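Colleague: got a predicted model here, sequence first, then my questions.
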Amino acid sequence: MKKLLKNNTVLLVSSLVFGVIFGFIMKLLPNNLYIDEIIVNGLMRLLGTGFINLIKMTVIPLVFVSLICGISSFGDTKKLGAIGVKTVMWFMVSTIVAIVIGVVCAQIFKPGAGLNCEYEIVNTVNSQESKNIVDMILDIIPSNPVKSMSKGNLLQILVFAVFFGISLGTMGEKSKKILDVFETMNESIMKIVMFVMKLAPIGVFALISITVYSTGTESLLGIIKLIGVFALALIMHVIIVYCGMLKFIAKIPVTKFFRRYAKVAGVAFSTASSNAVLPMSMQMMKEAGVDSSLYQFVLPVGTTVNMAGTAVLQGLTTVFIAQAYNINLSFQAIITVVVSAVLASIGTAGIPGVGMVMMAMVLESVGLPVQGIGLVLGVDRILDMMRTTVNVLGDSVTCMALARTENMINLEKFENI
């Protein structure tokens, strides 16, 4: 029993269930001052909004520091050569396609439609709809990075972090001391994130109970529909992108590859951590006959920048939350979602739960209510396991494709696995 209580997944699911039950009980009781002011807008709002504020507190430092660490890890871009450029480009294209698939699926199936969640703040998503593409690009280039940080302009912060990370990565030994500082800061911020995520069951209970109290059963149907649409979007991405890469670029039997990947997928799904499964992915590539110099570079980079499964969820969930709050996303806002989700995916650490923190960044980039995360936080562990499995798959598929194009694979060894 004690072991179950320490299991964060069990606690999150339990808090979701109890939050639903508590919300229904409050809804069935006669409306009075005690329920509305003291429980819903008092205690539950304190716990739910307090948890959301703690998530928002970590967003800017986490994005800035982790992105610098991730970008700088590439080292000198000239030394990376053709393989480095191909790796990054394939990861970026895969991520962009993933976000587009997520957004399109959300627009087609509309999992958030009908929830009618309330949002007190005036909608600002379409306030800049008249701007052209040049103004949109200029808006993400920071003229004063410090001002961008103080105002919480996340896109500008991301752009500055990318340039900062590239410059540090090209300085060699000169930047080692400051990179060590950033790595230490990154670890420290991650500890804060993990502490905040330990409070997630309390936040989930409060947020879900408020949602059920205000919207009823529609919220549960929307969450179930979201999970189904997410699974469909992931399958589409795997078939279109990864099976396509295996068949037409790597030119290897798709079924044979997936049989080998099944063991890695089991660990990825159960741990929901790209970092935890990295040694198994490397062993798989070794047994498949891939040159060690290639997979030792591609796979670690992939755990940092190749988050296609996470990107699908970010695109899908952003539109889902917009639909839930009856906010129409403009074309500019959707482009902003794509850009910010790509950059957020680069900075997403390969450990469970961090995806929701990066999700807050994407929501804020288009002015959507961050409290909308509460709609999906209770089932995030399920979503996390699904997206991590696809993230890890993408790393291995890209490595196989690169190995074939660069003639860095022993095909006879692969045929014998």
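Modeller: Yep, it's here. None of the values given here were measured: they were computed from a predicted structure.

Colleague: show me where the stretch 251-400 of the chain has helices.
Modeller: 254-271, 278-287, 292-305, 308-324, 331-346, 354-365, 374-377, 380-405 (DSSP state H, counting those that start in this stretch).

Colleague: can you tell which of these is closest to P61?
Modeller: Nearest to P61 among those is helix 354-365; the distance by Cβ to Cβ comes to 10.5 Å. For the C-beta atoms, the positions are set from N, CA and C on the backbone; glycine is no exception.

Colleague: got a list of what P61 touches?
Modeller: Shown in contact with P61 (Cβ atoms under 8 Å, 6 or more residues apart in numbering): 185, 189.

Colleague: any idea how far V397 is from G244?
Modeller: Taking Cβ to Cβ, to the nearest Å as the measure, G244 falls 9 Å from V397.

Colleague: now swap in N326 and tell me
Modeller: Remark: distance between N326 and V397 (Cβ to Cβ) = 39 Å.

Colleague: these two: which is more packed in?
Modeller: Set side by side, N326 and V397 show more neighbours around V397, with 29 against 15, by other Cβ atoms under 10 Å.

Colleague: please, which helix or strand holds G50?
Modeller: Counting by DSSP states H and E, the element that carries G50 is helix 45-72.

Colleague: okay, the angle between that helix and helix 292-305?
Modeller: Angle, helix 45-72 to helix 292-305, by axes from the mean of the first three to the mean of the last three Cα atoms, to 10 degrees: 150 degrees.

Colleague: average pLDDT for helix 45-72?
Modeller: The pLDDT scores in helix 45-72 average 76.

Colleague: what does stretch 146-160 give?
Modeller: The average pLDDT for stretch 146-160 rounds to 76.

Colleague: then stretch 371-381?
Modeller: Averaged across stretch 371-381, the pLDDT comes to 75.

Colleague: with stretch 166-185 instead?
Modeller: For stretch 166-185, mean pLDDT rounds to 83.

Colleague: go on, stretch 394-402?
Modeller: For stretch 394-402, mean pLDDT is 92.

Colleague: quick one: Y295 from K27, how far?
Modeller: 54 Å.

Colleague: ok, the two, which is more surrounded?
Modeller: Taking other Cβ under 10 Å, Y295 and K27 do not tie; Y295 has more neighbours (26 against 16).

Colleague: looking at it, that one is touching Q283, isn't it?
Modeller: No - counting by Cβ atoms under 8 Å, Y295 does not reach Q283; the two are 9.6 Å apart.

Colleague: contacting residues for the nearest residue to C243 once chain neighbours are set aside?
Modeller: Counting by Cβ to Cβ, 6 or more residues apart in numbering, C243 lies nearest to V254, which is 5.4 Å off, once chain neighbours are set aside. V254 sits next to 243, 246-247 when contact means Cβ under 8 Å, 6+ apart.

Colleague: go through those residues and name the one nearest L207.
Modeller: Nearest to L207 among these is C243, at 37.6 Å by Cβ to Cβ.

Colleague: count the residues that sit near that closest one.
Modeller: Count around C243 with other Cβ under 10 Å applied: 15.

Colleague: F258 now?
Modeller: 16.

Colleague: let me know the pLDDT of it.
Modeller: In this model, F258 carries a pLDDT of 91.

Colleague: cool, and L5?
Modeller: 48.

Colleague: next one: I240
Modeller: On the pLDDT scale, I240 is placed at 94.

Colleague: the one 10 residues further on now?
Modeller: Turning to A250, the model gives it a pLDDT of 89.

Colleague: from I239, how far off is it?
Modeller: A250 sits at a distance of 15 Å from I239 (criterion: Cβ to Cβ).

Colleague: higher neighbour count, the two?
Modeller: More neighbours surround A250 than the other of A250 and I239, with 23 against 11 (other Cβ under 10 Å).

Colleague: need the contact list for that one.
Modeller: With Cβ under 8 Å, 6+ apart, A250 has these contacts: 257, 397, 400-401, 403-404.

Colleague: which helix or strand in this structure has the lowest average pLDDT?
Modeller: helix 2-6 (a mean of 51; mean pLDDT, DSSP states H and E).

Colleague: heading C-terminal from that one, find the next helix or strand.
Modeller: helix 8-28.

Colleague: and the gap between T211 and G222?
Modeller: With distances taken as Cβ to Cβ, T211 is found 10 Å from G222.

Colleague: overlap of the contact sets of the two?
Modeller: Common contacts of T211 and G222 (Cβ under 8 Å, 6+ apart): L375.

Colleague: the more surrounded of those two?
Modeller: In this view T211 and G222 are compared by other Cβ under 10 Å, and T211 has more residues nearby, 28 against 23.
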